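[1] Below is the sequence, then the predicted model.
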Amino acid sequence: MQTHKTKGIVLRTVKYGETSIITTVYTELFGLQSYIVKGVRQSSKKNQGKANYFQPASILQMEVYHNELKQLQFVKEFQWENIYNTIFFNVIRNAVAVYIVELLQHCIKQPEANPELFYLTEETLLAVDTSTESIVANIPIYFTLQLSSALGFLIRENFSSTNHTLDLKEGTFTNNIPTHTNYVTGEEVAAIANLISIKNIDDLKNIQFNKTQRRQILQYLQTFMTLHVEGFAQLRSIEVLQQIIS
């Protein structure tokens, strides 16, 4: 069977048998895939620490077998694509990375390649690892907005002095109060509009939120995702994230 080299972002890993794992990976070439990785939990000197490569949010370079007719693929070789400096050791940065990974799992259901989304996720995780604390605190909101755009249900950039209500169901700013309850008014509307216009992570340093504002906006965006992603459920990581990010 032919092998392929691809980068991959680990989303989830579970034990398989006595010595192996099954890992869910968002890949550059094939989108969402599940792989069996044999022998990485063996206690031998050769395999010591190999299972650590498959922690959620890890970015790997892999050589994989791929058969479109199978749901489980196999990994032949793997190595670090990027080695994080902080994500696996810093509580706040790890919580942000876990949120990104869990959000992807809730939004991506089919094994379709989407290089734009892969590179967005890779770039965002690297920023979580290296950016200042003020930027990292705003990345969950930024990534949620960018992810929705990549998936095709972005919020329109039509905020104005008259269009000052955000209709979460329609994904647009309006001058009328919707007949449903899924809308946002108040100062958070302008803040969300400002964030939508940001396309570069470094520009997040210019966004100043307090903890309450950041928590409220992120909750609004969870509602937005629920309305537009079939089967979207409450993220387990968001409660932790809301508690530790200032």
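    Sure thing, it's come through. These numbers were taken from a predicted model, which means no experiment stands behind them. Residues are numbered from 1 along each chain as shown.
[2] Phe74 against Ile36, yeah?
    Yes. Using Cβ atoms under 8 Å, Phe74 is in contact with Ile36, at 5.5 Å. (C-beta placed from N, C-alpha, C; glycine too.)
[3] The residue most central in space within the chain: which element?
    The residue at the geometric middle of the chain, judged as the C-alpha nearest the mean C-alpha position with Cα atoms, centre = their mean, is Ile100 (2.7 Å). Element membership for Ile100, per DSSP states H and E: helix 91-107.
[4] Flag the shaky bits of the protein, pLDDT-wise.
    Applying pLDDT under 70 to the chain flags residues 44-48, 246.
[5] now the helices: where do they sit in it?
    91-107, 115-130, 133-151, 187-196, 211-228, 237-244 (DSSP state H).
[6] okay, the ones you listed in TSV with distance to Tyr16 next?
    Formatted as TSV, the helices of the chain follow (distance: least, Cβ to Cβ, whole Å):
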stretch	distance to Tyr16
helix 91-107	18
helix 115-130	25
helix 133-151	29
helix 187-196	40
helix 211-228	31
helix 237-244	24
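[7] among those, which is nearest Tyr84?
    helix 115-130 (4.7 Å; Cβ to Cβ).
[8] Would you mind pulling the contact partners of that closest one?
    7, 9, 26-28, 57, 59, 82, 84-87, 93, 96-97, 100, 104, 108, 135-136, 139, 142-143, 146-147, 150-151, 201 (Cβ atoms under 8 Å, 6 or more residues apart in numbering).
[9] The same query, at a cut-off of 6 Å, please.
    Helix 115-130 has contacts (Cβ atoms under 6 Å, 6 or more residues apart in numbering) with 9, 28, 57, 84-87, 93, 96-97, 136, 139, 143, 146, 150, 201.
[10] just the buried members of these?
    Buried members of the contacts of helix 115-130, counted by 16 or more other Cβ atoms under 10 Å: 9, 28, 57, 84, 87, 93, 96-97, 136, 139, 143, 146, 150, 201.
[11] Check which helices and strands the longest strand along the chain sits against.
    Longest strand in the chain by number of residues (criterion: DSSP state E): strand 3-16. Judged by 3 or more Cβ pairs under 6 Å, 6 or more residues apart in numbering; DSSP states H and E, strand 3-16 is in contact with strand 20-27, strand 59-65.
[12] ok so, going back, can you tell me what sits against the helix holding Ile100?
    Contacts of helix 91-107 (Cβ under 6 Å, 6+ apart): 11, 56-57, 86-87, 125, 128, 136, 139-140, 143, 229, 232, 235, 237, 240-241, 244.
[13] hmm, back to that, mind putting the buried ones among the contacts of helix 115-130 in a markdown table, distance to Val189 included?
    What follows is these, written out as a markdown table (distance: Cβ to Cβ, whole Å):
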| residue | distance to Val189 |
| --- | --- |
| Ile9 | 32 |
| Glu28 | 36 |
| Ala57 | 32 |
| Tyr84 | 35 |
| Ile87 | 32 |
| Arg93 | 29 |
| Val96 | 24 |
| Ala97 | 29 |
| Val136 | 24 |
| Ile139 | 21 |
| Phe143 | 20 |
| Gln146 | 19 |
| Ala150 | 23 |
| Ile201 | 23 |
